[in-house]
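Novice: Pasting a predicted model and its sequence here:
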Amino acid sequence: MRIAGLLGLAALVALLSMTRPYAQQQNRPAPGLIESGDWQLVYSNCVACHSLALVTAQRGDTSYWREIVDEMQTSRNMWTLAPETEEKIINYLAEHFPPGGVFSRRPPLSPELLPERSL
């Protein structure tokens with residue numbers, strides 16, 4: 001009986017030690033997002049469908065981000081956002097992931113540099 005009690009206590013301690021790091025992470029910003037302004041709106045609406053890496057790899061102004069959201073809504077079955085929520089998300093993305101900078105995407109390769117396609 002004494003061994004069973006010690007095993008139960010050890011199991012409880014192990015369980016608590018595993019849940020503590022998870023609980024601590026709940027107060028941290030999402031990876032790649034800047035903890036400022038409406039980052040939680042961006043997180044909650046974007047990770048429902050894809051990784052944040054897909055979001056944070058992009059760069060653009062408000063018109064670019066608006067096009068991205070519109071495209072997802074029209075051809076990717078994204079739900080319709082309330083206008084004020086959509087505006088906050090687009091403004092956050094344009095502010096924290098603007099065009100240019102170190103992380104901007106390279107221009108597309110010219111056709112002569114692309115490999116030949118074989119069917």
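Specialist: The structure has been received and is ready for your questions. All values reported here derive from a predicted model rather than from experimental measurement.

Novice: contacts, neighbours, all on C-alpha from now
Specialist: Noted.

Novice: And the helices in this structure?
Specialist: Per DSSP state H, the chain carries helices over the ranges 2-25, 39-46, 52-56, 62-75, 83-96.

Novice: Now the last one: buried residues?
Specialist: Which is helix 83-96. 86, 88-94, 96 (16 or more other C-alpha atoms under 10 Å).

Novice: Identify the residues contacting it?
Specialist: 34, 37-39, 41-42, 59-62, 65-66 (C-alpha atoms under 8 Å, 6 or more residues apart in numbering).

Novice: Just give me the closest of those residues to H50.
Specialist: V42 (11.8 Å; C-alpha to C-alpha).

Novice: what about the closest one, neighbour count?
Specialist: Each residue near V42 was counted by other C-alpha atoms under 10 Å, and the total is 20.

Novice: returning to what we had before: show the buried residues in the contacts of helix 83-96.
Specialist: 34, 38-39, 42, 59-62, 65-66.

Novice: Lowest pLDDT pick from these?
Specialist: Ranked by pLDDT, the buried ones among the contacts of helix 83-96 bottom out at I34 (89).

Novice: nearest residue to it other than its sequence neighbours?
Specialist: Sequence neighbours aside, H96 is the residue nearest to I34 in space, at 7.2 Å (criterion: C-alpha to C-alpha, 6 or more residues apart in numbering).
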